[in-house]
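In: sequence plus predicted model, see below.
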Amino acid sequence: MRNEVTQRPRPLVSINIPCYRQLPHLRSSLATILAQTFPDFEVNLLDDAQSEDYRDYAMTLGDSRIHYSPNPERLGAMHNIFHAIFSGEGKYSLAFHEDDLLEPNYLAAAVKILETHPDCGFVAAEVRAFSEGPASPVRSTSDYPAYEMFRSGADFVRGIFRGVEPMFGSVVYRREAIAGLEPDHARFGTVVDRPFLLLILEKWSAAVIREPVAWYRPHPEPDDRHRGMSADHILELMKTYRALLPKKLSMRDKALFFSYAGDWLGILYHLTPADQKPSFGRFLFQAWREGVYDPRWERHFGLGKIRRPPIAGGAGAVE
């Protein structure tokens, strides 16, 4: 099946879907992809379980744009996502989660941004969680929804601090912008997604669409996807954010960074497997020593969190 790749016209966008035993969700997800108003794409199903169900389903669709590709060996969730990012033949690539949904104009909007801004390395949608996806695709209020440009890694992390949460499974990459890049799994574990985007921003700009155009399905706890996360990975993420800001922080940067870190250190800590983290008090003390935690800037009364750890909630760094 794959030996026909070179005989096909090169699509503008490769939509690469990491698959693993969620075929019912894939059916809904793929329906929103096939409903896109932008037609010039291919879909590659990257099956990490080598399931005959996925293969048979792809064959029944009878759509020449859809291709089934089993991984030769089990990669695991995060490695399969990055396999998807670099896969396909298109000028642009989208590694889309098999249990998420897209608004019909999303590809058109993302491609228009990328074509209009040749310095833009990627376009992302914001995290919008859902429990039971819409019965029919929900359309945005305009064909080309509002977006925000980020010209540097520092601008990007400041955006994250003030509430702009790019949905990793929605990112449309310019293939030229990711050529030669490698995610640092050893340093960041399962929170490697944001550092990878920051690598792109070293040479390129980026855009995040601020209107609802993609939806993420939350995973019930306990979530095995966080099995590879450790307390050290969380600290490395926050240190990476801090390193992008000036050595001497302005009052605004202090408020943004330490308020954000105070919340997310706790949230990510409680998603971390018990055997991969110290006590919460020791963890916060280490974060303070590393310069990524300051109780004076906490939204939730600083050191009181040591006595009363926060309950994990919201969308984390990994969708």
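Out: Great, that's in hand.

In: report pLDDT for residue 155.
Out: At residue 155, the model reports a pLDDT of 97.

In: surely residue 76 meets residue 20?
Out: No. Using Cβ atoms under 8 Å, residue 76 is not in contact with residue 20, being 9.0 Å away. Heads up, the C-betas are built off the backbone N, CA and C, glycines and all.

In: out of these two, which sits in the busier spot?
Out: residue 20 (19 against 16; other Cβ atoms under 10 Å).

In: how about the nearest residue to that one once chain neighbours are set aside, phi and psi?
Out: Among residues not flanking residue 20 along the chain, residue 48 sits closest, at 4.5 Å (Cβ to Cβ, 6 or more residues apart in numbering). Main-chain torsions, residue 48, degrees, to the nearest 10: phi -90, psi 0.

In: burial measure for residue 48, as a count.
Out: Counted with other Cβ under 10 Å, residues neighbouring residue 48 total 20.

In: now name the helix or strand holding residue 156.
Out: Element membership for residue 156, per DSSP states H and E: helix 153-161.

In: can you give me the helices for this structure?
Out: Along the chain, the stretches classed as helices by DSSP state H are 23-34, 52-61, 77-85, 106-116, 153-161, 175-178, 185-188, 193-200, 231-243, 251-271, 280-289, 304-307.

In: what sits against the residue nearest to residue 20?
Out: Listed by Cβ atoms under 8 Å, 6 or more residues apart in numbering, the contact set of residue 48 reads 18-20, 71, 74-77, 80.

In: surely residue 193 meets residue 168?
Out: Yes. At 4.3 Å, residue 193 and residue 168 qualify as touching, with contact defined as Cβ under 8 Å.

In: straight-line length of stretch 162-182, end to end?
Out: End-to-end distance for stretch 162-182: 28 Å, by Cα to Cα, to the nearest Å.

In: shaky segments in the protein?
Out: Counting by pLDDT under 70, the ranges of the chain that qualify are 1-8, 131-143, 220-226, 298-319.

In: ok, now how distant is residue 100 from residue 158?
Out: Distance, residue 100 to residue 158, by Cβ to Cβ, to the nearest Å: 26 Å.

In: these two: which is more packed in?
Out: For residue 100 versus residue 158, the count of surrounding residues by other Cβ under 10 Å is larger for residue 100: 23 against 20.

In: close enough to count as contact, residue 97 and residue 29?
Out: Yes. Using Cβ under 8 Å, residue 97 is in contact with residue 29, at 7.4 Å.

In: between these two, what contacts are shared?
Out: Common neighbours of residue 97 and residue 29 (Cβ under 8 Å, 6+ apart) are residue 17.
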